[in-house]
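Asker: need the 3D shape of this:
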Amino acid sequence: MFRMKAALTAVTVLACAFSTLATAQKLPIENIQLRGDRFHGLSYAEMTPEQRVFLDHTVNSARSVNNTTANGPFNVLMRSPEIGDLSQALGNSIRFSSGLSGKIRELATLMAGRAWSSHYEWYAHARYAKQEGLPDEVIAAIAGHRMPDLKRMPADEALAWRVTDEMLYTRQITDATYKEALAVLGERELMSTVIIAAYYEYISMLLNVDRYPLPADAPKGAANALTLLSPRSLIRKTEGAVTARPALKNADTDHALDELRARISVEQELPAVLRDIARNLVMTHWNDPPVEIQKGRVSRELRTAEAFAVELLNTREVKDDTFAKALASLGERKLVNLIVFMGYANVRCAQKALAGVECSI
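Answerer: Numbers count the residues shown, from 1 in each chain. Predicted coordinates:
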């Protein structure tokens with residue numbers, strides 16, 4: 001009993017020490033200037049109290065190992081700070097609790113960035129991938145939308161490429177690929193590979209809609225590292241059988257997704273009619289992916305939002321006119337929440353694809 005109490009006391013002291021250290025090392029946020037294009041880059045002075053809380057949670061989180069100034073999608077998410085905060089918590093849960101090696105985590109992220117031709121995502125994560133040891137030839141192959149030499153890659157990395165390639169471009173994972181990946185990666189890492197790729201598709205949506213700029217000190221040519229893929233290059237037919245299999249679960253990820261959905265399902269955040277548009281379009285995109293999703297499914301007053309979502313899914317970007325009309329119709333907060341809900345639905349559909357079944361949300 002004494003030893004147990006002593007051990008508990010030691011753990012408590014250690015936890016307090018780490019807490020004190022974390023507090024002492026808390027990163028300042030008062031001088032942060034966010035970047036943006038279509039969404040004005042906010043300064044700390046311009047932010048509301050809710051936005052400042054969101055910024056603090058973003059900067060002083062697990063992502064501070066490589067992002068101390070809230071670069072990336074956070075300027076867009078500032079337009080809906082409470083939902084943005086839940087979104088960044090979801091990202092931390094997915095990215096830093098995956099159980100994946102750094103190489104596989106960044107490979108899955110690059111695959112998503114390539115599929116969406118997301119320039120900033122590629123700029124940031126190609127650097128991280130190199131730091132983690134992913135070979136230059138693999139990064140170059142992904143950038144060029146080519147299959148790397150899978151035989152020269154470690155089995156786990158080769159299968160991570162195959163799983164994400166199938167998921168991103170066919171919206172299914174064949175039985176053969178699933179069986180091999182499960183044997184090599186195991187349940188947790190297989191699931192994490194799929195979820196990370198789907199999550200970074202969502203991040204790409206935010207970045208691409210904003211046309212998020214690279215930093216001023218980015219290497220020359222970095223903005224042109226990826227060429228936009230044609231709509232016909234984004235979808236191909238599945239080759240191989242796909243049958244239902246047991247769903248793989250991660251309690252932390254599911255909890256974070258549920259919390260995000262609960263908040264975004266509040267009518268003032270995103271009306272049910274807009275959630276229905278996003279849900280139905282994303283499910284169509286996954287269940288029977290045509291080269292192009294057709295418009296004209298909703299009443300006239302909702303067609304601006306529908307046109308925005310359809311164009312984003314079909315082309316992975318939106319034109320100035322489409323963006324301007326959606327912004328005028330919805331306002332910044334609801335427009336961002338529409339993208340967030342599409343991203344949420346995308347991750348849920350990826351979970352269904354991993355289970356070998358159609359997406360239903």
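
Asker: now the strands for the chain?
Answerer: For the chain, applying DSSP state E gives no strands.

Asker: which stretches of it aren't confidently modelled?
Answerer: 1-24, 63-68, 290-298, 300-301 (pLDDT under 70).

Asker: now the closest residue to residue 229 other than its chain neighbours: how far from residue 349?
Answerer: Of all residues not flanking residue 229 in the chain, residue 117 sits nearest, at 5.9 Å (Cβ to Cβ, 6 or more residues apart in numbering). No exception for glycine: its C-beta is placed from N, CA and C like everyone else's. Per Cβ to Cβ, to the nearest Å, residue 117 is found 20 Å from residue 349.

Asker: cool, residue 82 as well?
Answerer: 24 Å.

Asker: so which of the two has more stuff around it?
Answerer: residue 349 (23 against 16; other Cβ atoms under 10 Å).

Asker: isn't the more buried one right up against residue 282?
Answerer: Yes - contact criterion Cβ atoms under 8 Å: residue 349 and residue 282 qualify, at 6.2 Å.

Asker: shared neighbours of the two, anything?
Answerer: 359, 361 (Cβ atoms under 8 Å, 6 or more residues apart in numbering).

Asker: number of nearby residues for residue 79?
Answerer: Residues near residue 79, counting by other Cβ under 10 Å: 19.

Asker: whoops, residue 46 was the one
Answerer: 12.

Asker: any idea how far it lies from residue 36?
Answerer: For residue 46, the distance to residue 36 - Cβ to Cβ - is 12 Å.

Asker: ramachandran angles for the residue nearest to residue 229?
Answerer: phi 50, psi 50 (degrees, to the nearest 10).

Asker: what about it, how many residues nearby?
Answerer: Residues near residue 117, counting by other Cβ under 10 Å: 20.

Asker: contacting residues for it?
Answerer: 208, 226, 227, 228, 229, 316, 317.

Asker: ok, of those residues, which one's closest to residue 136?
Answerer: residue 226 (15.7 Å; Cβ to Cβ).

Asker: ok, which stretches of the stretch 201-350 of the chain are helices?
Answerer: With DSSP state H, counting those that start in this stretch as the criterion, the stretch 201-350 of the chain has helices at 231-234, 251-264, 272-287, 303-315, 320-354.

Asker: Throw the ones you listed into CSV and include distance to residue 103, thanks.
Answerer: Shown next, in CSV, are these (distance: least, Cβ to Cβ, whole Å):
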stretch, distance to residue 103
helix 231-234, 25
helix 251-264, 21
helix 272-287, 27
helix 303-315, 30
helix 320-354, 21
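
Asker: closest one to residue 92 among the ones you listed?
Answerer: That would be helix 251-264 among the helices of the stretch 201-350 of the chain, by Cβ to Cβ, at 8.4 Å.

Asker: picking up where we left off before, looking at the helices of the stretch 201-350 of the chain, which is nearest to residue 143?
Answerer: That would be helix 231-234 among the helices of the stretch 201-350 of the chain, by Cβ to Cβ, at 13.8 Å.

Asker: mind listing what's buried in that closest one?
Answerer: residue 234 (16 or more other Cβ atoms under 10 Å).

Asker: please state the offset of stretch 348-361 from the chain centre?
Answerer: 16 Å (Cα atoms, centre = their mean, to the nearest Å).

Asker: list the contacts of that stretch.
Answerer: By Cβ under 8 Å, 6+ apart, stretch 348-361 touches 167, 171-173, 175, 178, 190-191, 194-195, 197-198, 242-248, 257, 279, 282-283, 285-287, 345.

Asker: from those, list the buried ones, please.
Answerer: Here, 16+ other Cβ under 10 Å leaves 167, 171-173, 178, 190-191, 194-195, 197-198, 242, 248, 257, 279, 282-283, 285-287, 345 buried among these.

Asker: how near is residue 319 to residue 133?
Answerer: In terms of Cβ to Cβ, residue 319 sits 39 Å off from residue 133.

Asker: same deal with residue 78?
Answerer: Taking Cβ to Cβ, one finds residue 78 at 34 Å from residue 133.

Asker: go on, residue 153?
Answerer: 12 Å.

Asker: between the two, which one's more packed in?
Answerer: Neighbour comparison, residue 153 and residue 133: the larger count goes to residue 153, with 19 against 10 (by other Cβ under 10 Å).

Asker: and the closest residue to the more buried one other than its chain neighbours, how many residues sit next to it?
Answerer: Distances taken as Cβ to Cβ, 6+ apart put residue 138 closest to residue 153, at 6.7 Å, once the chain neighbours are dropped. Neighbours of residue 138 under the rule other Cβ under 10 Å: 21.

Asker: for residue 138, what are its contacts?
Answerer: Residue 138 neighbours (Cβ under 8 Å, 6+ apart): 107, 148, 153, 157, 161.

Asker: my guess is the first one contacts residue 162. True?
Answerer: Looking back up the chat, that one is residue 107. No - if you go by Cβ under 8 Å, residue 107 and residue 162 don't touch, sitting 11.0 Å apart.

Asker: comparing the two, which residue is more hemmed in?
Answerer: residue 107 (29 against 19).

Asker: for the more buried one, which non-adjacent residue is closest in space?
Answerer: residue 160 (5.4 Å).

Asker: look up how far residue 328 lies from that neighbour.
Answerer: Distance from residue 160 to residue 328, by Cβ to Cβ: 42 Å.

Asker: between those two, which has more neighbouring residues?
Answerer: residue 160 (30 against 10).
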